[in-house]
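Trainee: Output the structure for:
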Amino acid sequence: MPVRVEAMMVTTATELPGYRIVRNIGIVRGIIVRSRSILGSLGAGLQTIIGGNITLYTQLCEKTREDAYELMMQRAAEHGANAVIAMRYDANEIMQGVTEVLAYGTAVMVERNA
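Mentor: Down below sits the predicted model:
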């Protein structure tokens, strides 16, 4: 497994309780671009007829966000960070059926408070 910032060291807040920021490294991001497969689109189309949660799309979205998050944590570690603050997600449709998911935040070096 590649080196990455640990998940417990990633927060949507601007500080990490119990730690102090000793170095601001800068913005890091993980970008994943995914398309729906023909079979997945057909299966999801059938689920829309029935209504409710479209599990095929839910699983695709969850996996895509997870991959973007992992990539962001790897990039942070590559730049010498041990934490990421102000983490966010963004998504854009690039073309019909093709979506970009971005996980981003500020890579920082933190130390435990004394």
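
Trainee: Next, the residue most central in space within the chain: secondary structure please.
Mentor: For the chain, Tyr69 is the residue whose C-alpha lies nearest the centre (Cα atoms, centre = their mean; 2.6 Å). Here Tyr69 takes the helix state, with states given by DSSP: H, G, I helix; E, B strand; the rest coil.

Trainee: Correct me if wrong: it contacts Gly30.
Mentor: Yes. Tyr69 lies in contact with Gly30 (Cβ atoms under 8 Å); the separation is 6.4 Å. For glycine as for every other residue, the C-beta is placed from the backbone atoms N, C-alpha and C.

Trainee: Could you name every residue contacting both of these two?
Mentor: Residues touching both Tyr69 and Gly30 comprise Ala103, with contact defined as Cβ atoms under 8 Å, 6 or more residues apart in numbering.

Trainee: the helices in the chain, which residues?
Mentor: Ranges of helices in the chain, per DSSP state H, are 38-50, 55-78.

Trainee: Least confident of the ones you listed, on average?
Mentor: Here the lowest mean pLDDT among the helices of the chain goes to helix 38-50, at a mean of 55.

Trainee: mind listing what's buried in the longest strand along the chain?
Mentor: Counting residues, the longest strand found in the chain (DSSP state E) is strand 19-35. Judged by neighbour count using 16 or more other Cβ atoms under 10 Å, the buried positions of strand 19-35 are Tyr19, Ile21, Ile25, Val28, Arg29, Gly30, Ile32, Arg34.

Trainee: Just the closest of those to Val101, please.
Mentor: Closest approach between the buried residues of strand 19-35 and Val101, by Cβ to Cβ: Ile32, at 5.1 Å.

Trainee: Okay, and the beta partners of that closest one?
Mentor: Val101 (DSSP bridges).

Trainee: I'd say it and Val98 touch.
Mentor: No. Counting by Cβ under 8 Å, Ile32 stays clear of Val98, with 11.3 Å between them.

Trainee: what's the nearest residue to Val10 if we skip its chain neighbours?
Mentor: The shortest distance from Val10 to any non-neighbouring residue, by Cβ to Cβ, 6 or more residues apart in numbering, is to Val84 (4.6 Å).
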